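Participant: Predicted coordinates and the sequence they were generated for:
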Amino acid sequence: MDRSIRLALDLDGVLTEHPAPLAQAANRALGMQLPDHAFVDSHGCNVPEAVRLWVYGPGGPATLLDPAPNAPKLLQQLLQALGDERLVIITARPQGSQPTTEEWLQRHGFPPCRIVFADDKVAVARELGVTHAIEDSLRHATRYAEAGITCFLLTQDPAPPAESPFIVRVPDFTAAVQAILRLAGAPIALPGSGDGAQPRRRRIVVSDVIDQRARERLASEADVIEVDGRDKPALYEALREADALIVRSETQVTRELLAHAPRLRVVARAGTGVDNIDLQAATEAGILVLNAPGANAVSAGEHTVALMLAIARNLIDANATTHAGRWERKRFRPFDLKGKTIGIVGLGRVGSVVAQRLRAFECRLLGYDPYITRERFAQLGVEPVDYETLLENSDIVTFHVPATPETRHMLDARAIARMKPGAIVINCARGEVVDVQALAEALKSGHLAAAGVDVFPEEPAYQSPLFGLPNVVLTPHIGGSSREALEAVGEIIATTTLAALRGEIVPNAVNLPAASLHAPELRRLTRVAEAAGHLIAVLQPARPTTFQVTVHGQVASDIAEHVTAVALAAALRRWTVRRVTPVNARFVAQELHLFVDVRFDTTASTVPEFNFEVDGDPPHHVMVRWDHREAGIMEVDRFSLERPLAGHMLITHHLDRPGIIGRIGTILGRYEVNIAGMQVGRRARGGEAIMVLNVDDPIPEAALNEILQIPDVWTAYVVSLPESGDYPMAAGSALSAAVAHTRLR
Ligand SMILES: NC(=O)C1=CN([C@@H]2O[C@H](COP(=O)(O)OP(=O)(O)OC[C@H]3O[C@@H](n4cnc5c(N)ncnc54)[C@H](O)[C@@H]3O)[C@@H](O)[C@H]2O)C=CC1
Ligand SMILES: O=C(O)C(=O)COP(=O)(O)O
């Protein structure tokens, strides 16, 4: 347990309910006009001293405040985890309010706890060696942060850009206590969470319409909450407790939205384009973004061809006039697609579907896509050309590129001017790709004959320069909405969202490298990498300056990146209070000036190994060996192990001399800790040795302290890693055989 945390707790708004009733009482009784937040920081809000004395004095409204939910129990847990000498309430209430304050705490069942009255909280905190604080006032939180004290700020407000990394915003006191307990390595069983045995059901917010079967599948494992993504207040409210958010193109997943979703782990785009998601913000927050590329490509491709045919065959007008009883057979002059030159911009999934279908129409196909191979053009029967040639030679130009800064207004007035007179434009990609104003003008002037448009720069589009033009066929972004597409997209998104929430590796992540390894095998490897990252941070509790990974043997770079991200995230979870996942591990490391150094030693012809090393005094090292199927931690601090590390363990570094192991065994026996297995390693007789004891029962703090008192025991660590049974590392596996010769000398 990490006992280096010293915690300062604010009183009002942290241990008490929000202090709005104080301002309201002062307004009523004293005819003042204080805002509700005046007593979040009464001194900082310049509340007159006399009013403060009345509010906090005998019989004053502060005596009537309720405690924050579960606050007495939460304080009790903090005291248990940290010890009473490491916890202090620092309040800016006037010193004179001490008797009423202490009486209030006692009356509400708070355990006894030291309390200091001071407005200059930081000065007191510094004197007491405080490392962490919990506050509801931004002024105090900022001052703590300036003093290098990590402050949990209770607030629902999103963080402004570039806020100090020492301020950690959390929604309530429970969340702050949870974070402190996690940091302290204490068991977390918060009041109100039952006996802790029942895992909380996941909450998935669905903010755009998705396939009914996908919804049912999600509901089988999670609580599904449907909200309209355009109703911001309702969406933000639903997101407060959400683990995953599923969107289509309508919900804008902004940085602001993510700041309202403190638990969010997955944003899944039930479709292809992720331009409505702030990928940078999601990545920084450690949120995995998923999509379902290709699942609606046939739908969008067929819709594209439908728009072309609707224009070529005058379908829209011919249908309307015929319904109206006007027989205008002579008015319409449809044309055939056969023999026309069609320019396809972007030959990815949708562009390819379009090309394949148009070949059946016997069109000449030109294509512009600088990112795909000549072979792919040849396979699709499309002539590769540059963009200008495509514009100048095509009768119809159709866009199938993603919305990026590079593709924005790819079709602008200049590009349109290069097009053949009487040409046609189709846009089923993204509204931003085409300058609609320029397109509308070219249609009006007659330079372009017609356009088919499914997507708009602003959606929903209630107005557009294209509306009302006779030679334009418009649809409301339904290109990807076929029944089949929604079903296929829904299936992928429901399955992979649930899998990602279970911690499994999924193939359709947008902000993690695509893995060249089959998911179950990658999962096995990354579980061990996660254990290695955790172990190295147990060995080295203070954050190091370098995290080095050396990869020996033949390992694909994406696999090395996955392993690094997972191990680094596990270590950072102990080195920082920030929320860290493999998605943001490198970003967080960079922010904390932790240098992540990944090296490859491909010359080694051994079974691949991942060596994790951190600087410190002494530096620490953990090695994972992987035979492309099974993986295990096989070295700690350069001592080889016979068996992979797993389970509850005591690891000691000590001087190899008679009696030490016996004394450790005796102490554990006295505390009724059963030893299930032991591995000892040493380099030379009488030198440094390492011992790994697997135990059946948790090792009490007192036992660990006694062990550390044994002369020549230098360090002792208690760590729990996934049980060996959790790794598919059955005895006699390829790995066990491969490592058998690496026994300790
Ligand atoms: N209307 C609708 O309902 C639907 C629209 N879409 C949109 O269609 C577009 C294409 O989707 P997919 O084919 O699935 O994506 P994709 O990623 O498979 O293909 C996009 C292609 O565009 C190419 N590209 C990128 N930048 C380019 C540039 N500057 N110039 C030329 N080519 C470039 C890429 O190399 C790639 O081959 C996306 O914007 C997507 O959001 C997709 C599905 C449904
Ligand atoms: O998948 C895409 O990129 C699409 O444009 C389809 O969007 P939608 O899911 O229909 O809002």
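Facilitator: Everything's here; your move. Ligands and ions are numbered 1, 2, ... in the order given.
Participant: hey, let's count contacts and neighbours off CA atoms from now on
Facilitator: Noted.
Participant: For the most far-flung residue of the chain relative to its centre, which residues are in contact?
Facilitator: Centroid-distance maximum for the chain: residue 330 at 61.2 Å, with CA atoms, centre = their mean. By CA atoms under 8 Å, 6 or more residues apart in numbering, residue 330 lies in contact with nothing.
Participant: next one: the one 4 residues further on
Facilitator: By CA under 8 Å, 6+ apart, the residues touching residue 334 are 312-314.
Participant: Now, of those, which are buried?
Facilitator: With burial judged by 16 or more other CA atoms under 10 Å, the buried subset of these is 312-314.
Participant: between those residues, which is closest to residue 417?
Facilitator: Minimum distance to residue 417 across the buried ones among the contacts of residue 334 is 21.9 Å, recorded for residue 312 (CA to CA).
Participant: residues in contact with the closest one?
Facilitator: Neighbour list for residue 312: 334-337 [criterion: CA under 8 Å, 6+ apart].
Participant: Run through this protein and note the low-pLDDT ranges.
Facilitator: For the chain, applying pLDDT under 70 flags the ranges 1-3, 186-199, 723-745.
Participant: Quick one: name the residues of it near ligand 2.
Facilitator: Residues of the chain lying close to ligand 2 (CA under 6 Å from any ligand atom) are 248-250, 270-273, 478, 480-481.
Participant: now those residues: which count as buried?
Facilitator: 248-249, 270-273, 480-481.
Participant: May I ask which helix or strand encompasses the residue lying closest to residue 173 once chain neighbours are set aside?
Facilitator: Closest residue in space to residue 173, ignoring its immediate chain neighbours: residue 14 at 6.1 Å, by CA to CA, 6 or more residues apart in numbering. Using DSSP states H and E, residue 14 is not contained in any helix or strand.
Participant: Kindly provide the distance from residue 14 to residue 31.
Facilitator: Here residue 14 is placed at a distance of 27 Å from residue 31 (CA to CA, to the nearest Å).
Participant: now the strands: where do they sit in the stretch 251-400 of the chain?
Facilitator: Secondary structure of the stretch 251-400 of the chain by DSSP state E, counting those that start in this stretch: the strands cover 266-269, 288-290, 341-345, 364-368, 383-384, 396-399.
Participant: hang on, the earlier thing: hmm, the residue nearest to residue 173 is touching residue 134, no?
Facilitator: Yes. Shown here, residue 14 and residue 134 form a contact pair, counting by CA atoms under 8 Å, at 7.4 Å.
Participant: which pair in the buried ones among the residues of the chain next to ligand 2 spans the largest distance?
Facilitator: Longest span within those, CA to CA: 273 and 481, 13.4 Å.
Participant: What residues does this protein have near ligand 1?
Facilitator: Residues of the chain lying near ligand 1 (CA under 6 Å from any ligand atom): 272-273, 293-294, 296-297, 300, 345-351, 368-372, 400-403, 406-407, 428-430, 454, 477-480.
Participant: Quick check on those residues: which are buried?
Facilitator: Looking at the residues of the chain next to ligand 1 with 16+ other CA under 10 Å, the buried ones turn out to be 272-273, 293-294, 296-297, 300, 345-351, 368-369, 400-403, 428-430, 454, 477, 479-480.
Participant: Restricted to helices, list these.
Facilitator: 297, 300, 349-351 (DSSP state H).
Participant: Save those as a markdown table, and put in distance to residue 527 too.
Facilitator: A markdown table is the format used below for these (distance: CA to CA, whole Å):
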| residue | distance to residue 527 |
| --- | --- |
| 297 | 35 |
| 300 | 39 |
| 349 | 34 |
| 350 | 37 |
| 351 | 39 |
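Participant: Wait, a helix at residue 650?
Facilitator: No. Residue 650: not assigned to a helix; according to DSSP: H, G, I helix; E, B strand; the rest coil it is strand.
Participant: which residues sit in contact with it?
Facilitator: Taking CA under 8 Å, 6+ apart, we find residue 650 in contact with 691-695, 716-719.
Participant: Highest neighbour count among those residues?
Facilitator: Neighbour counts for the contacts of residue 650 (other CA atoms under 10 Å) peak at residue 693, which has 24 neighbours.
Participant: Is that one located within a strand, as I assumed?
Facilitator: Yes. Using three-state DSSP, the assignment for residue 693 is a strand.
Participant: Give me the spatial nearest neighbour of it, chain neighbours excluded.
Facilitator: Closest residue in space to residue 693, ignoring its immediate chain neighbours: residue 678 at 4.5 Å, by CA to CA, 6+ apart.
Participant: separation between residue 684 and residue 712?
Facilitator: Distance from residue 684 to residue 712, by CA to CA: 16 Å.
Participant: So which of those two has more stuff around it?
Facilitator: Comparing residue 684 with residue 712 by other CA under 10 Å, the one with more neighbours is residue 712, at 14 against 10.
Participant: In this structure the more buried one contacts residue 652, no?
Facilitator: No. Applying CA under 8 Å, one finds residue 712 not in contact with residue 652, separated by 10.5 Å.
Participant: buried residues in the longest helix that the chain contains?
Facilitator: Identified as the longest helix of the chain according to DSSP H is helix 519-539. For helix 519-539, the buried set under the neighbour-count rule, 16+ other CA under 10 Å, comprises 521-539.
Participant: Kind regards, and thank you for your time.
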